[in-house]
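Trainee: Here's my sequence, what's the structure:
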Amino acid sequence: MTNQTSANFPPGPKLYVPLFFMQRLYQDPFKVLLQLARKYGSAIHISAHGRHGFAFGDPYYIHAVFTTHQYAFQKNSVPQRAKILLGNGLINSDGELHRRQRHNIIPALHRQYTQGYAATIISSAQQITETWQDRLAINISQEMTRLSLTIICRTLLSDSLVPQWREIDQSLRTMLENYNALGIITFTGLLDTFILPLRRRRDRALAQLDQMVYDVIELARGDRNQAHSVVCQLLDAQSGDDIMNDKLLRDEIVTLLLAGYETTSIVLAWSWLLIAQHPHVMRQFLSEIDTVFQGRLPTPEDLPNLQYTDMIFTEVLRMYPPVWAISRYAREDVHIGKYLIPSQSIVVLSQYLAHHNPAIFPNPDQFDPDRWRPEIRATYPNGAYFPFGGGAAKCIAESFAHMEGVLALATIAQRWHLEPIMTGKMPLKTALTLRPKYDIVMQARRR
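Mentor: Here you go, the predicted structure:
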């Protein structure tokens, strides 16, 4: 083992009494991370009584952890609060289990299904907006949630879940709020007062969600026509795999629900607000829509021609990545560049810090889709932009999410113009994901 007394670490705080820092970190890790970055930069070291933690927003170190030294790291142990919801689904699993899960799900995302998925995305967006009324305010956060849940159910899971979108959203929202609230009260003297009601709400939400998911599994087991590609793929894997029991199948479906709708709906809601707040972006966006569609209905074949729309979606993911940090655990001592990462260290790779690194993205708080023009994008180093993670654990649905985002924006914009009601900058809210603190409400005007 390397002599740590002479080791070179990034700058950062040395905690002699870590309890207060840990309380702040547990209550609002996003705020603490930003404070550390402002003080110490994009490579941070935190030490406390011989234990080490690191946070990186520098692409060199992020790329090294994901790729060059990937076998020296493993997924960090998942907090029990998150495991209650997601179990051992693809986000939480590691090693051989993770490899087998990816192998089981990837075929459902193969290019052969893309055409059908694209058509479903377009028709779902058209259907959702049929209920909108001209010149009335709509809750765009809620509408994008309804759209994203409809799409993920109609493409990958089961149509039977679509009418239950409100119940699914409420159950998952309760679980996410519970995740955050339990973290806050852990360090207070109010445990007896608050923790039991919180757990009861969590348990009710979890039971409701599980019932809906297990119903889909049983429905699909009796008739494969009642489910879509991922559920069928997992059932096929279950028949020849003693690891894929019903509990793990449930974990995979819940993981897909959360990852497939929560993140995309957040990015779509941000997109509409940012487009509306930047008239020059709005003009170019609508010009592309009108040029590509020429007044007709969108088709899957239009996707390659929606280049500026894709740049908008990419820029929103840069500014407000729903997954704002990923953690890893060092299996062994690792030297990356001039720094030592000792064995058993916790390493946080932050999308938010990396995407707001001014050395890579000048004026990082400015919404500028033009930074994703091909000739500019080609200059960004590996590790500078990773909204879907990186390395062997990179999200397998990245292409699907981009296709969904671009086609949903384009389809809605062909018929509707969304105008902002709020002024100023929307504050952020963090739990498992980074989202607007309040629902985004906008006025819909028919084009």
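Trainee: Show me the strands in the protein, by range?
Mentor: 43-48, 51-56, 73-75, 136-139, 326-330, 334-336, 339-341, 346-349, 416-420, 428-430, 434-436, 441-446 (DSSP state E).
Trainee: quick one: low-confidence parts of the stretch 51-200 of the chain?
Mentor: Applying pLDDT under 70 to the stretch 51-200 of the chain flags the ranges 76-84, 108, 110-112, 178-196.
Trainee: Apply 50 and report the result again.
Mentor: Low-confidence segments of the stretch 51-200 of the chain, defined by pLDDT under 50: 181-193.
Trainee: State the number of residues packed around residue 223.
Mentor: 8 (other CB atoms under 10 Å). Quick note: C-beta positions are derived from backbone N, CA and C, even for glycine.
Trainee: so residue 45 makes contact with residue 10?
Mentor: Yes - counting by CB atoms under 8 Å, residue 45 touches residue 10, with 4.4 Å between them.
Trainee: what do the two both touch?
Mentor: The contact sets of residue 45 and residue 10 overlap at 54, 339 (CB atoms under 8 Å, 6 or more residues apart in numbering).
Trainee: Reformat the strands of the chain as CSV; add mean neighbour count and distance to residue 29.
Mentor: CSV is the format used below for the strands of the chain (neighbours: other CB atoms under 10 Å; distance: least, CB to CB, whole Å):
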stretch, mean neighbour count, distance to residue 29
strand 43-48, 21, 12
strand 51-56, 22, 10
strand 73-75, 18, 17
strand 136-139, 14, 28
strand 326-330, 19, 10
strand 334-336, 18, 23
strand 339-341, 22, 20
strand 346-349, 21, 9
strand 416-420, 17, 30
strand 428-430, 15, 7
strand 434-436, 21, 11
strand 441-446, 16, 28
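Trainee: could those strands be laid out in JSON lines, adding distance to residue 393?
Mentor: As requested, those are exported to JSON lines (distance: least, CB to CB, whole Å):
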{"stretch": "strand 43-48", "distance to residue 393": "22"}
{"stretch": "strand 51-56", "distance to residue 393": "16"}
{"stretch": "strand 73-75", "distance to residue 393": "7"}
{"stretch": "strand 136-139", "distance to residue 393": "34"}
{"stretch": "strand 326-330", "distance to residue 393": "8"}
{"stretch": "strand 334-336", "distance to residue 393": "17"}
{"stretch": "strand 339-341", "distance to residue 393": "18"}
{"stretch": "strand 346-349", "distance to residue 393": "11"}
{"stretch": "strand 416-420", "distance to residue 393": "35"}
{"stretch": "strand 428-430", "distance to residue 393": "21"}
{"stretch": "strand 434-436", "distance to residue 393": "19"}
{"stretch": "strand 441-446", "distance to residue 393": "36"}
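Trainee: Just the mean pLDDT for stretch 304-313, thanks.
Mentor: Averaging pLDDT along stretch 304-313 yields 97.
Trainee: can you list contacts of that stretch?
Mentor: When contacts are defined by CB under 8 Å, 6+ apart, stretch 304-313 is touched by residues 267, 271, 274-275, 281, 284-285, 288-289, 292, 369-370, 372-373, 402, 405-407, 409-410.
Trainee: Report the buried members of these.
Mentor: 267, 271, 274-275, 281, 284-285, 288-289, 292, 369, 372, 402, 405-407, 409-410 (16 or more other CB atoms under 10 Å).
Trainee: Among those, name the ones in helices.
Mentor: Among these, the members falling in helices (DSSP state H) are 267, 271, 274-275, 281, 284-285, 288-289, 292, 402, 405-407, 409-410.
Trainee: From these, which one has the minimum pLDDT?
Mentor: Lowest pLDDT within those is found at residue 402 (93).
Trainee: residues contacting it?
Mentor: 310, 313, 314.
Trainee: cutoff 7 Å now
Mentor: 310, 313 (CB atoms under 7 Å, 6 or more residues apart in numbering).
Trainee: Likewise for residue 348?
Mentor: Residue 348 is in contact with 54, 55, 325, 327, counting by CB under 7 Å, 6+ apart.
Trainee: Number of residues surrounding the third one?
Mentor: In terms of burial, residue 325 registers 20 neighbours under the definition other CB under 10 Å.
Trainee: what sits against the spatially closest residue to residue 281 that is not a sequence neighbour?
Mentor: Spatial nearest neighbour of residue 281, excluding adjacent residues (CB to CB, 6 or more residues apart in numbering): residue 275 at 5.6 Å. Residues near residue 275 by CB under 7 Å, 6+ apart: 281, 282, 285, 312.
Trainee: The same query, at a cut-off of 6 Å, please.
Mentor: Residue 275 is in contact with 281, 282, 285, counting by CB atoms under 6 Å, 6 or more residues apart in numbering.
Trainee: Likewise for residue 447?
Mentor: Counted by CB under 6 Å, 6+ apart, residue 447 has contacts 415, 417.
Trainee: how many other residues sit next to residue 363?
Mentor: 9.
Trainee: Residue 295 now?
Mentor: Neighbours around residue 295, by other CB under 10 Å: 6.
Trainee: can you tell me how far residue 47 sits from residue 340?
Mentor: With distances taken as CB to CB, to the nearest Å, residue 47 is found 12 Å from residue 340.
Trainee: okay, how far is it across stretch 10-30, tip to tip?
Mentor: Taking CA to CA, to the nearest Å as the measure, stretch 10-30 stretches 20 Å from start to finish.
Trainee: now do stretch 33-53
Mentor: Span of stretch 33-53 from end to end, CA to CA: 12 Å.
Trainee: Once you drop chain neighbours, what's closest to residue 215?
Mentor: residue 160 (7.4 Å).
Trainee: any idea how far residue 262 is from the one you found?
Mentor: 20 Å.
Trainee: between the two, who's got more neighbours?
Mentor: residue 262 (23 against 15).
Trainee: before we move on, back to that, closest to residue 386 among the contacts of residue 275?
Mentor: Comparing these against residue 386 with CB to CB places residue 281 closest, at 23.7 Å.
Trainee: Residue 277 and residue 324: what is the separation?
Mentor: 21 Å.
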